[in-house]
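**Q** Quick one: sequence plus predicted model below, questions after.
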Amino acid sequence: MRGTEISRSGRRRRREGFGKQILVLATILAFAPSYLVARFQEKPAWNLFSRDKDIELGKQYSAEVRKQLPLLTESDPITKYVQSLGHELVAVAPEHYPFSFRVVNQKEINAFALPGGPIYINLGTIQAADNEAQLVGVMAHEMGHVLMRHSTAAASKELAARFPLAILGGLMGQGPGSQLIQTGIGFGVGSYFLKNSRHAESQADLVGTDLMYDAGYDPHQMAAFFEKLEKEDKTGNSAVAQFFSDHPNPENRAEAVSREVATLTPKTYRPAAPEFATIKREAASLKPLTAKQIAALESKTNETMGQPASGEVMPNGSFKTLSHSAFQMVYPANWEIFGDESSAVTIAPRAGMTANAVAYGAIVNGFQPEPKGGAPTLDDATHQFLDSIRQSNPDLRVISQDEDIRLNGLPAKSVNLTGDSPIQGPGGHPLLERDRLITFLRNDGTLFYVIFVSPDRDARQLAPTFDKMQSSLRVY
Ligand SMILES: [Zn+2]
């Protein structure tokens, strides 16, 4: 079953195609104002983009990132904890941006910010931090990149260096100048969203120092963490190499932070928070993917896979509960949760899926039916949905009449389907797949659905697991 929103697969830095967007947006020339709010003495560099364009670009790029990176879910306690720390920092930020914080289920120590506010922290960073202030330090540093608008400033510099006349002459967006830029700059610009200069690093440290101080955290811990990582890097620990590639170490990092702190009134920082230890234990129990594994997952985009070993995909008999913002359901303890949006989740064994198709597992999502002369009925909405999934799965066949069932004590439907499994069988032909679709019309008119997927040959063995998942389902 080809899912609609399977948010996992690897981290690839998309550089192509992004420059074009920038160029379209760069037609508005805006010079960043410097702000001098109390301690925040740092001035953003010259920037072709407006603040609003930073936000718009960040949103667009973030949607890509969320599709490509394995993120911990919004409801994960680690995500919630990181977001609560972010909240403290955002409260003292000198300018308003729509900051957001997500944790990437990746082993390597790294973090990055997109223009306008989205910030991503690798799980490895949390595993490596010795205390809450060190983790806060990484987050404050990333917020410094956003507030100083480093990515679009770097993109602006690149544009100006390549096309000085077009920019000085205000030709961007019209005439031959913009054509030239559009063909010439189509590569390389996206990388500025992730790679920072040493100067940008120093500036992000200083802004991060001020944010931490104002939020009551000891800024020295930020420098201490970066120095710890630097030592690791020098011992050849490859888990930190990418961090320093994206955030090159500026000279005398700790001294610069100390100098900044010395200009501030001495204060008592927050005591160590006990929650950090809990989260560290939680983080230590997870097995994040390596960059290599993520890349390998991503390369499996051709939708076919070999035969996974039974032990890798079949439920082990014990169950966990997924508490999602829209529903609750039990699932096999040896399967995993993939997906990030509050509406779309795939529950599957890792070996039972490719980057964009599921061979074993359950896809949970919502569908917005078209109103056809009034609010759609469950029956209407279910058939509209079937039509829509046939577009991405033309091989799907309905093999049973819709069956009326109850969910939460309310009417729901169950439909059995067959189609082509992403698993290649003998002779290169896909195995036959069996799907069970459950639909339920919510009060807001959206169709909530779950698709239970397995190869036909394993359907009988998996039926009790899917029955148990289905009967545990509570939709909010
Ligand atoms: Zn940085």
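**A** Great, that's in hand.
**Q** residues in the stretch 151-300 of the chain within reach of the ion, list them.
**A** 196, 201, 204, 247 (C-beta under 5 Å from the ion). In short, each C-beta sits where N, CA and C put it, glycine included.
**Q** Where does confidence bottom out across those residues?
**A** By pLDDT, residue 196 ranks lowest within these, coming in at 79.
**Q** So that one is in contact with residue 204, correct?
**A** Yes. Between residue 196 and residue 204 a contact is recorded at 7.1 Å, counting by C-beta atoms under 8 Å.
**Q** Could you tell me which residues touch both of these two?
**A** Jointly contacting residue 196 and residue 204 under the rule C-beta atoms under 8 Å, 6 or more residues apart in numbering are 145, 150, 247.
**Q** quick one: which of the residues you listed is nearest residue 401?
**A** In terms of C-beta to C-beta, no member of the shared contacts of residue 196 and residue 204 lies closer to residue 401 than residue 145, at 56.7 Å.
**Q** Just the buried ones from the shared contacts of residue 196 and residue 204, in ChimeraX syntax?
**A** The ChimeraX selection below is limited to those of these classed as buried (16 or more other C-beta atoms under 10 Å):
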select :145,150,247
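**Q** Burial check on residue 464, number of neighbours?
**A** Residue 464 has 10 neighbouring residues, counting by other C-beta atoms under 10 Å.
**Q** And it, how close does it get to residue 318?
**A** Residue 464 sits 13 Å away from residue 318, taking C-beta to C-beta, to the nearest Å as the criterion.
**Q** Within the helices and strands, which one has residue 225?
**A** Assigned by DSSP states H and E, residue 225 belongs to helix 220-234.
**Q** buried ones in that helix?
**A** Buried residues in helix 220-234, defined by neighbour count with 16+ other C-beta under 10 Å: 220-226, 228-229, 232-233.
**Q** shaky segments in the chain?
**A** Under the criterion pLDDT under 70, the flagged ranges of the chain are 2-41, 161-194, 297-303, 339-343, 355-356, 391-392.
**Q** how's it carved up into domains?
**A** By the record's domain assignment, the chain is partitioned as 18-285, 300-475 (automatic domain parsing).
**Q** Phi, psi for the residue lying closest to residue 406 once chain neighbours are set aside please.
**A** Ranked by C-beta to C-beta, 6 or more residues apart in numbering and with sequence neighbours excluded, the top spatial neighbour of residue 406 is residue 412, at 6.3 Å. The phi and psi torsions at residue 412 (degrees, to the nearest 10) take the values phi -150, psi 170.
**Q** just residue 364 next, same as before
**A** Comment: the main-chain dihedrals of residue 364 come out as phi -120, psi 130, following degrees, to the nearest 10.
**Q** Next up, the contacts around it.
**A** By C-beta under 8 Å, 6+ apart, residue 364 lies in contact with 324, 327, 329, 344-347, 448-450.
**Q** do that again at 7 Å, thanks
**A** By C-beta atoms under 7 Å, 6 or more residues apart in numbering, residue 364 lies in contact with 327, 345, 450.
**Q** now residue 81
**A** Neighbouring residues of residue 81 by C-beta under 7 Å, 6+ apart: 275, 279.
**Q** Pretty sure it sits in a helix.
**A** Yes. According to DSSP: H, G, I helix; E, B strand; the rest coil, the state of residue 81 is that of a helix.
**Q** For stretch 434-449, list every residue counted as buried.
**A** Residues of stretch 434-449 classed as buried: 434-441, 446-449 (neighbour count, 16+ other C-beta under 10 Å).
**Q** Any idea how far apart the tips of that stretch sit?
**A** Stretch 434-449 has its terminal residues 16 Å apart, counting by C-alpha to C-alpha, to the nearest Å.
**Q** Now do the strands in the chain.
**A** 100-104, 111-113, 118-122, 319-323, 327-332, 336-338, 345-348, 361-367, 397-398, 403-407, 410-424, 430-441, 447-455, 474-475 (DSSP state E).
**Q** Who are the contact partners of the residue in the chain positioned nearest to the ion?
**A** Of all residues in the chain, residue 247 sits closest to the ion, at 3.4 Å by C-beta to the ion. Applying C-beta under 7 Å, 6+ apart to residue 247 gives the contacts 196, 201.
**Q** May I have the phi/psi pair for it?
**A** Comment: the main-chain dihedrals of residue 247 come out as phi -130, psi 80, following degrees, to the nearest 10.
**Q** That one and residue 463, how far apart?
**A** Using C-beta to C-beta, one gets 50 Å for the distance from residue 247 to residue 463.
**Q** Residue 450 too?
**A** Residue 450 sits at a distance of 14 Å from residue 463 (criterion: C-beta to C-beta).
**Q** So between these two, which is more surrounded?
**A** It is residue 450, of residue 450 and residue 463, that has more neighbours when counted by other C-beta under 10 Å, with 25 against 14.
**Q** need the contact list for that one.
**A** Under the criterion of C-beta under 7 Å, 6+ apart, the contact list for residue 450 reads 362, 364, 438, 473.
**Q** For the helix holding residue 225, name the packing helices and strands.
**A** The elements that helix 220-234 packs onto, with contact taken as 3 or more C-beta pairs under 7 Å, 6 or more residues apart in numbering; DSSP states H and E, are helix 132-147, helix 198-215, helix 241-246, helix 253-262.
**Q** and with 10 Å instead?
**A** Counting contacts by 3 or more C-beta pairs under 10 Å, 6 or more residues apart in numbering; DSSP states H and E, helix 220-234 is packed against helix 123-128, helix 132-147, helix 198-215, helix 241-246, helix 253-262.
**Q** Quick check: which of these is buried the most?
**A** Mean neighbour counts were taken over those using mean count of other C-beta atoms under 10 Å, and the top value, a mean of 27, falls to helix 132-147.
**Q** my guess is residue 77 meets residue 126, correct?
**A** No. The pair residue 77 and residue 126 fails to qualify as a contact (C-beta atoms under 10 Å) at a distance of 11.5 Å.
**Q** Give me the common contacts of the two.
**A** 279, 282-283 (C-beta atoms under 10 Å, 6 or more residues apart in numbering).
**Q** Narrow these to those in helices?
**A** When these are checked against helices (DSSP state H), the matches are 279, 282-283.
**Q** filter those to the buried ones?
**A** Using 16+ other C-beta under 10 Å as the burial test, these include 279, 283 as buried.
**Q** Name the nearest of the ones in helices among the shared contacts of residue 77 and residue 126 relative to residue 398.
**A** In terms of C-beta to C-beta, no member of these lies closer to residue 398 than residue 282, at 42.7 Å.
**Q** For stretch 325-334, measure first residue to last.
**A** According to C-alpha to C-alpha, stretch 325-334 extends 22 Å from its N-terminal end residue to its C-terminal end residue.
**Q** again with stretch 212-224
**A** Between the opening and closing residues of stretch 212-224 lies a distance of 14 Å (C-alpha to C-alpha).
**Q** and it, how far from the chain's centre?
**A** Computed by C-alpha atoms, centre = their mean, to the nearest Å, the chain-centroid distance of stretch 212-224 equals 26 Å.
**Q** Of all pairs in the buried residues of stretch 434-449, which one is the farthest apart?
**A** Pairwise distances across these (C-beta to C-beta) peak at 26.0 Å, for the pair 434 and 446.
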